[in-house]
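A.B. asks: attaching a predicted model along with its sequence, questions to come.
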Amino acid sequence: MRSVVSKQDALVCLFNQGVVSVAGFATCILISRQVPDGPAIFGVYYIGLSLVLFARGFQQQLVSTPYTLYHHRQSESELPAYRGSCLVQQLIFLLIALAYLFVQIAVAWLGWVSPEVVPTLLVLSIFMPAIMMREIIRHYCFTHSKNTSVLGIDVAISVLQISALIVLRSMGILTGATAWIAVGASCLFTIGYWYFKFGPTIQFQTQRLTEDWKLNWSFGKWAVSGQLVGSLPTYLLPWLLLVAAGAEGTGFFGGCMTLVGVANIFNMGMLNFLTPKAARVYVEEGSSGLRQLMSQMYLVFFVAVGSFALLLTFFGDVIAVKVLGENYVGLQTVLTLLAIAKLFEGFSHTASGGLFAIERIKENFWVDVILMLVTITAAVLLIQPLGVVGAAWTTLIGSATSATLRSALLVRFLREKPQVGGLVND
């Protein structure tokens, strides 16, 4: 029997994610190492990053993942119209995201949170569409195995982004807001060029918009709800830290998350591989094939991310000072907690990919509800008295809860005889 894990596909996904993660890591380092206000400047940038990640999660569940799951149901002649329907849904999502962003700007402008974040939020209101469209295009390329295209896109954006940041820093004008200008402009130029050279055929058929919306929403109604309750605590953490510990404390937490985020080269790379792979394996081989894939992925995450967690547990403080600068001393406890949380996050991603493949979306949503309640409770109890350490404990508690519950559900459902093709749940 052939291995359900294609080593070549997995390695391509990992290499591509490595390009993205290195660019993100370099961006954070360039900002955080500024003297003397590096942590505070990085804290403002990190607030913007939390907004982008929050919006990206909704976009993935509303547009990208449904396309990955349901494009198999379209004939070649139907695909252009289905893409057009998905693009209309994406534009509606962007309008909602921008409206929310303007509310955040108003809140900051009124002084209800630190007004330092206002310039960054204004920049994001301009470049958010380009940043979000980059992710849509990446998911499209992964879904259709266009690995060369997605690698070219990410390399081009990374080179432009880092080059612009270096220029801004040399001019002494690198701030949270100007950093987002560099990120957004790099995305805008690159995806514009890609679409006009290599973009897929897209058709807009009015009569299909409602039909395709219902199809995607059959998945999205639970996935989007789950994204809201599941990601809300993570999104709120930087804002709670901003209130409890100021921009500098937020910058310390963001710096630790940056170091731990090196594991995202693996976590996100394998997730990009896993989601379409799990959906295909389930359709072709049923529960036995999916069970084999899940077992392999759990083992891979345990060995790879577990080794990284051990490294940060023993040498995290030294690495933080060497990489981020002397302002980031005394963060060993935070790094240890966040590294262990990253391992649990990998397990959670694996289980979630399996649940999506068998379309157990409703159950995944209720896990997110429990996760939200647990994490927000921990945040309220721990962040105010413990600051950055409290935020790290909150992150670990949330990741462990998510991984445990999702894995238990996946084991349970794979023991049943699943329905292959079509929805299991309404």
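C.D. replies: Right, received. Where do you want to start?

A.B. asks: ends of stretch 199-214, what's the gap?
C.D. replies: The straight-line separation of the ends of stretch 199-214 (Cα to Cα, to the nearest Å) is 26 Å.

A.B. asks: buried stuff in that stretch?
C.D. replies: Buried residues in stretch 199-214, counted by 16 or more other Cβ atoms under 10 Å: 208, 212-213. Where you see a C-beta, it was placed from the backbone N, CA and C, and this is true even at glycine.

A.B. asks: which of those lies closest to residue 45?
C.D. replies: Ranked by distance to residue 45 (Cβ to Cβ), those are led by residue 213 at 35.6 Å.

A.B. asks: which of the buried residues of stretch 199-214 fall in helices?
C.D. replies: 208, 212-213 (DSSP state H).

A.B. asks: the stretch 51-200 of the chain: helices as residue ranges?
C.D. replies: For the stretch 51-200 of the chain, the helices defined by DSSP state H, counting those that start in this stretch occupy 65-70, 79-109, 118-143, 147-170, 176-198.

A.B. asks: run through the neighbouring helices and strands of the shortest one.
C.D. replies: Here helix 65-70 is seen to pack against helix 79-109, helix 118-143, helix 206-260, helix 264-324 when contacts are counted using 3 or more Cβ pairs under 8 Å, 6 or more residues apart in numbering; DSSP states H and E.

A.B. asks: one more pass at 7 Å, please.
C.D. replies: helix 118-143, helix 206-260, helix 264-324 (3 or more Cβ pairs under 7 Å, 6 or more residues apart in numbering; DSSP states H and E).

A.B. asks: of all those helices, which one is nearest residue 358?
C.D. replies: For the helices and strands packed on helix 65-70, distance to residue 358 was read as Cβ to Cβ. The smallest value, 6.0 Å, belongs to helix 264-324.

A.B. asks: on the three-state scheme, the closest residue to residue 267 other than its chain neighbours is what?
C.D. replies: Excluding the flanking residues, the one nearest residue 267 by Cβ to Cβ, 6 or more residues apart in numbering is residue 346, at 5.1 Å. Assigned by DSSP: H, G, I helix; E, B strand; the rest coil, the conformation of residue 346 is helix.

A.B. asks: look at residue 346 and report its pLDDT.
C.D. replies: Listed pLDDT for residue 346 reads 85.

A.B. asks: for the one 3 residues further on, same thing?
C.D. replies: The score at residue 349 is 81. That number is its pLDDT.

A.B. asks: what about it, helix or strand, and which?
C.D. replies: Residue 349 is located in helix 332-357, with elements delineated by DSSP states H and E.

A.B. asks: just checking, what packs against that helix?
C.D. replies: helix 206-260, helix 264-324, helix 361-386, helix 388-415.

A.B. asks: model confidence over the shortest one, on average?
C.D. replies: Confidence for helix 361-386, expressed as mean pLDDT, is 85.

A.B. asks: residue numbering should commence at 9 henceforth.
C.D. replies: Let's use 9 as the start, then, which means that last one is helix 369-394.

A.B. asks: could you pull out the buried residues of it?
C.D. replies: Result for helix 369-394 [16+ other Cβ under 10 Å]: buried residues 369-373, 375-376, 379-380, 382-384, 386-387, 390-391, 394.

A.B. asks: may I see the helices and strands packed on helix 340-365 arranged in TSV, with distance to residue 176 as well?
C.D. replies: Compiled in TSV, those are given as follows (distance: least, Cβ to Cβ, whole Å):
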stretch	distance to residue 176
helix 214-268	18
helix 272-332	19
helix 369-394	32
helix 396-423	27
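
A.B. asks: for those, which one sits closest to residue 206?
C.D. replies: Closest approach to residue 206 among the helices and strands packed on helix 340-365 is made by helix 272-332 (19.0 Å; Cβ to Cβ).

A.B. asks: to residue 200, which of the helices and strands packed on helix 73-78 lies closest?
C.D. replies: helix 126-151 (8.4 Å).

A.B. asks: so which bits of the closest one are buried?
C.D. replies: When neighbours are counted by 16+ other Cβ under 10 Å, the buried residues of helix 126-151 are found to be 126-132, 135-151.

A.B. asks: CA atoms only: put stretch 87-107 into PDB for me.
C.D. replies: Coordinates of each C-alpha in stretch 87-107 appear next as PDB, following Å, rounded to 0.1, in the frame of the first residue of the first chain:
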ATOM      1  CA  LEU A  87     -14.900  25.600 -11.600                       C
ATOM      2  CA  PRO A  88     -14.600  29.200 -13.100                       C
ATOM      3  CA  ALA A  89     -18.100  30.100 -11.900                       C
ATOM      4  CA  TYR A  90     -17.500  28.500  -8.500                       C
ATOM      5  CA  ARG A  91     -14.300  30.600  -8.100                       C
ATOM      6  CA  GLY A  92     -16.300  33.700  -9.000                       C
ATOM      7  CA  SER A  93     -18.900  32.900  -6.300                       C
ATOM      8  CA  CYS A  94     -16.100  32.400  -3.800                       C
ATOM      9  CA  LEU A  95     -14.500  35.700  -4.800                       C
ATOM     10  CA  VAL A  96     -17.800  37.500  -4.200                       C
ATOM     11  CA  GLN A  97     -18.000  35.900  -0.700                       C
ATOM     12  CA  GLN A  98     -14.400  37.100  -0.200                       C
ATOM     13  CA  LEU A  99     -15.300  40.700  -1.100                       C
ATOM     14  CA  ILE A 100     -18.300  40.600   1.300                       C
ATOM     15  CA  PHE A 101     -16.000  39.300   4.000                       C
ATOM     16  CA  LEU A 102     -13.500  42.100   3.400                       C
ATOM     17  CA  LEU A 103     -16.200  44.800   3.700                       C
ATOM     18  CA  ILE A 104     -17.200  43.400   7.100                       C
ATOM     19  CA  ALA A 105     -13.500  43.200   8.200                       C
ATOM     20  CA  LEU A 106     -12.900  46.800   7.200                       C
ATOM     21  CA  ALA A 107     -16.000  48.000   9.000                       C
END
